[in-house]
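Colleague: Give me a 3D structure for the following:
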Amino acid sequence: MTNTNAGDYASTLIIPVESQVRELDAKILLACFAAERGFPVLIGSRAFTHFQVASIPRGVYLAKSMRSLSSSMFKALRQLGHEIAAWEEEALVHPPADTYFTLRLSPQTINKVSHVFAWGQENVDLMQQYPDLPQNLPIHITGNPRGDMLRPELRPFFDPEVKKLRDRYGDFILINTNFSDVNPFIPSIGLFQAEKDSAKMARRGQAGIGMSQEFAEGLRDHKQAILEDFKQMIPALEQAFPDMAIVVRPHPSESNQIYQDLAAQSDRIVINKEGNVIPWLLAAKALVHNGCTTGLEAYVLGVPAVSYLATLNKLYDYDFQGLPTKLSYQCFNFEELQTTLNRILAGELGGAGGEERQALIDYYLAAQKGPLACERIVDVLESSGYSKSRPLPRPLSTFVQGWLFVKIKAALTNLYMRRPGPNRLAYHDHRFPEISVADLEQKIARFGQLLNRFDSIKIERHSKHLFRVHSQRIRKMPQAAPVTELSENFRTVKE
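Modeller: Sure thing, here's the model as predicted:
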């Protein structure tokens, strides 16, 4: 029986979302399962979550990575009394272990994490090689909510979008790009930032922090070569398949300009990155990519996918981006690509298959059957006691340090967001556009119809870009102001 007072004592589950089109649907599903179990949930923009985190009741912050870039925020979250659970968003497509460890993990961040949720056994095997892995850190093989959205019972969630796409574009070939390393939306997020003085060495961008200079420069050169291949391949496909639309979906962190220039030359080349990629995959006749996670998603969905490898580098194409490539048909020049697509369109080839590919996906991706990954994650949180109590308050001086840090950081971030030219606010709105309560209610209703549950789940706006999710059977999340938390910490110090 559900404890009707659970919401008074349960930890708040804080679910930040960085890329709306990639993460939101899956995280809304997770929020529903958590709310149903009595957790008050706060979900929304990652940046705006950080603006508000000092006034959120103590709980569990669900991080999507453990990079060194998050070290200061992780420290502040712990100072505020929150605990941190994490998964590695990029664990399915990762570089070799030595580069992965310096790029995606940091001793300063991982030491502040209380639980890790792994996509599958490969993720665990990789992390256990990390020399700075805390000895008693629990790593749970739960799968990931994004994997839940690929499961047969949840694919009808996207039926309305699939129908709209087919009505709008008819038969189309989908091209997914992942060139934000060399074609970033704003310069600071790429592998390198160009210097005005050409004699100076290019500064490392956000994507390159943690990579060796040799690996980063090699990856930059390789990605740039593949981008040039795609710039030639896209109009060539449009010529080779006159009865098909060619839909290009740039990566959420990419600039669109290169692709818009290509589209301006043809009525049948379309640039569109709206919405989750899954309905696009389900609506498409075939996917063309290069080492993109969508190749893996297409494989699970049974959609024919081709990895285009006109420029091949085994280190980057197999050791780094090998999983989605190995799960796809591989073509090494345009003639091979055209032949393979012709066979797919003629019905001679379906989705890539075989025992070797199945063994590979089973190693990397858990929760393909049985309880959903969302349920398994909530099980861990519940068994860890978070549904019954919040983390203990921190000493007053510690709390004040965290409170001051996030307030100062929020003020500086707000200023930086509004700098002239390509700025962080435009980038934020590009990745997390405004969304209404009604839109989110519609998503929850659709999940409820498919799973025959969530009838008690309600969502309401908390603040700009942030939303509260709770069960009507549970008392709502209390609206804690900073002074409330300060008072509680002060009482703790006195006691």
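Colleague: Poorly predicted segments of this protein, please.
Modeller: Within the chain, the stretches with pLDDT under 70 are 1-8, 195-201, 420-423, 474-495.
Colleague: residue boundaries of the helices in the stretch 201-350 of the chain?
Modeller: Listed in chain order, the helices of the stretch 201-350 of the chain (DSSP state H, counting those that start in this stretch) span 213-240, 257-263, 277-283, 293-301, 314, 322-326, 334-345.
Colleague: hey, where'd the strands end up in the stretch 301-450 of the chain?
Modeller: Chain-ordered strands for the stretch 301-450 of the chain, with DSSP state E, counting those that start in this stretch as the definition, fall at 305-308, 329-331.
Colleague: same question, the stretch 1-150 of the chain
Modeller: In the stretch 1-150 of the chain, the segments counted as strands under DSSP E, counting those that start in this stretch are 12-17, 41-45, 59-63, 83-86, 115-118, 139-141.
Colleague: Would you mind listing the buried residues in the last one?
Modeller: Put plainly, it is strand 139-141. Neighbour-count burial for strand 139-141 flags 140-141 (criterion: 16 or more other CB atoms under 10 Å). Backbone N, C-alpha and C define where each C-beta goes, glycine included.
Colleague: Which among the strands of the stretch 1-150 of the chain is found nearest to Ser384?
Modeller: Closest approach to Ser384 among the strands of the stretch 1-150 of the chain is made by strand 115-118 (6.8 Å; CB to CB).
Colleague: Which residues outside that closest one are in contact with it?
Modeller: 85-88, 91, 124, 127, 137-142, 144, 366, 373, 377, 380-381, 384 (CB atoms under 8 Å, 6 or more residues apart in numbering).
Colleague: ChimeraX command for the buried members of the residues you listed?
Modeller: This is the ChimeraX syntax for the buried subset of the contacts of strand 115-118, where burial follows 16+ other CB under 10 Å:
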select :85,86,87,88,91,124,127,140,141,142,144,366,373,377,380,381,384
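Colleague: if we can go back for a sec, which one of the strands of the stretch 1-150 of the chain lies closest to Gln338?
Modeller: Gln338 sits nearest to strand 12-17 of all those, at 38.5 Å, using CB to CB.
Colleague: Would you agree Pro194 is in contact with Gly205?
Modeller: That one is not Pro; residue 194 is Ala. No: here Ala194 lies out of contact with Gly205, judged by CB atoms under 8 Å, at a distance of 9.6 Å.
Colleague: right, and Leu282 touches Val300 too?
Modeller: No: assessed by CB under 8 Å, Leu282 is found out of contact with Val300, at 11.4 Å.
Colleague: show me what contacts Leu227?
Modeller: 177, 179, 182-183, 258.
Colleague: again, 7 Å this time
Modeller: With contact set as CB atoms under 7 Å, 6 or more residues apart in numbering, Leu227 has these partners: 179, 182-183.
Colleague: Let's have the residues you listed in a markdown table, adding neighbour count.
Modeller: Formatted as a markdown table, the contacts of Leu227 follow (neighbours: other CB atoms under 10 Å):
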| residue | neighbour count |
| --- | --- |
| Phe179 | 22 |
| Val182 | 21 |
| Asn183 | 21 |
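Colleague: Going by distance to Ala264, which of those wins?
Modeller: The nearest member of the contacts of Leu227 to Ala264, counting by CB to CB, is Asn183 at 16.9 Å.
Colleague: measure the closest one to Met211 for me?
Modeller: Distance, Asn183 to Met211, by CB to CB, to the nearest Å: 18 Å.
Colleague: what's the answer for Phe447, then?
Modeller: Per CB to CB, Phe447 is found 38 Å from Met211.
Colleague: between the helices of the stretch 201-350 of the chain, which one is nearest to Asp439?
Modeller: Closest among these, using CB to CB: helix 277-283, at 15.1 Å.
Colleague: tally of neighbours for Gln358?
Modeller: Look at Gln358: counted by other CB atoms under 10 Å, it has 12 neighbours.
Colleague: could I get the strands of the stretch 301-450 of the chain as JSON lines with distance to Phe39 and mean neighbour count?
Modeller: As requested, those are exported to JSON lines (distance: least, CB to CB, whole Å; neighbours: other CB atoms under 10 Å):
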{"stretch": "strand 305-308", "distance to Phe39": "37", "mean neighbour count": "26"}
{"stretch": "strand 329-331", "distance to Phe39": "43", "mean neighbour count": "19"}
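Colleague: Out of those strands, which is closest to Leu415?
Modeller: With CB to CB as the yardstick, what comes closest out of those is strand 305-308 (42.1 Å).
Colleague: Break this structure into its domains for me.
Modeller: 6-149+368-494, 155-354 (automatic domain parsing).
Colleague: Quick one: residues contacting the closest residue to Ala245 other than its chain neighbours.
Modeller: Distances taken as CB to CB, 6 or more residues apart in numbering place Phe172 nearest to Ala245, at 3.9 Å, with adjacent residues excluded. By CB under 7 Å, 6+ apart, the residues touching Phe172 are 244-247, 284-285.
Colleague: quick check, nearest of these to Ile457?
Modeller: Of all those, Ile457 sits closest to Ala284, with 31.9 Å by CB to CB.
Colleague: contacting residues for the closest one?
Modeller: Per CB under 7 Å, 6+ apart, neighbours of Ala284: 172-174, 303.
Colleague: Adding distance to Trp403 as columns, could you present these in JSON lines?
Modeller: Shown next, in JSON lines, are these (distance: CB to CB, whole Å):
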{"residue": "Phe172", "distance to Trp403": "51"}
{"residue": "Ile173", "distance to Trp403": "52"}
{"residue": "Leu174", "distance to Trp403": "46"}
{"residue": "Val303", "distance to Trp403": "48"}
